[in-house]
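Novice: here's my sequence, what's the structure:
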Amino acid sequence: MNIGTEIPSLTLPSVSRATLALYAGASGDHNPIHIDSDFARKAGMPDVFVHGMLSMAWLGRMLTDWQPQSRLRKFSCRFAAITQLYDVIHCSGQVVELFEDETGPCARVAISASRQDGTQTLVGEAIVTV
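Specialist: Residues are numbered from 1 along each chain as shown. All right, here's what the predicted structure looks like:
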């Protein structure tokens, strides 16, 4: 592993209403802006949109597909854009720093989730023990 190493990416299928409903049930986040089209339109949105934490969960899946969860020491991100219904999300990451601390060798990884048009919806970083 070197600085610049790309970690294995993750591309999800198009986001469906079923995905949003299943996530709402699993997470307990039943905010109608994510599952009720009438409510979303009254709020000025074109339709329902993806829960931000679902997008973050996809980034987490990418990280734990790459390294065991026990090696994940930090995982943070900020929301940059809304993920709309039917978007195809691509998660990616790149090692930007290698360092050593009291626990051993670590890698800092810049991570992001992007829509099919390249718009980043989440950007963040993770630190993993390597």
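Novice: so what's residue 99 up against?
Specialist: Under the criterion of CB atoms under 8 Å, 6 or more residues apart in numbering, the neighbours of residue 99 are 105-106, 108. Any C-beta I mention is one placed from the backbone N, CA and C, and that applies to glycine too.
Novice: shouldn't it be within a strand?
Specialist: Yes: Residue 99 forms part of a strand when assessed by DSSP: H, G, I helix; E, B strand; the rest coil.
Novice: before we move on, back to that, buried subset of the contacts of residue 99, written for PyMOL?
Specialist: One line in PyMOL is enough to select the buried ones among the contacts of residue 99; burial here means 16 or more other CB atoms under 10 Å:
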select buried, resi 106+108
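Novice: how about the contacts of residue 99 in TSV, adding pLDDT?
Specialist: Formatted as TSV, the entries for the contacts of residue 99 read as follows, by pLDDT from 0 to 100:
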residue	pLDDT
105	96
106	97
108	98
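Novice: nearest to residue 12, of the contacts of residue 99?
Specialist: Each of those was checked against residue 12 using CB to CB; the closest is residue 108, at 24.5 Å.
Novice: which residues touch that closest one?
Specialist: Residues 95-99, 125-127 are the ones in contact with residue 108 under the rule CB under 8 Å, 6+ apart.
Novice: how about it, nearest residue that isn't a chain neighbour?
Specialist: Computed as CB to CB, 6 or more residues apart in numbering, the closest residue to residue 108 that is not its neighbour in sequence is residue 97, at 3.9 Å.
Novice: count of neighbours near that neighbour?
Specialist: When neighbours are defined as other CB atoms under 10 Å, residue 97 has 12 of them.
Novice: ok, it to residue 2 distance?
Specialist: Using CB to CB, to the nearest Å, we find residue 97 at a distance of 11 Å from residue 2.
Novice: got it, and residue 84?
Specialist: Taking CB to CB as the measure, residue 84 and residue 2 are separated by 36 Å.
Novice: lovely, talk soon.
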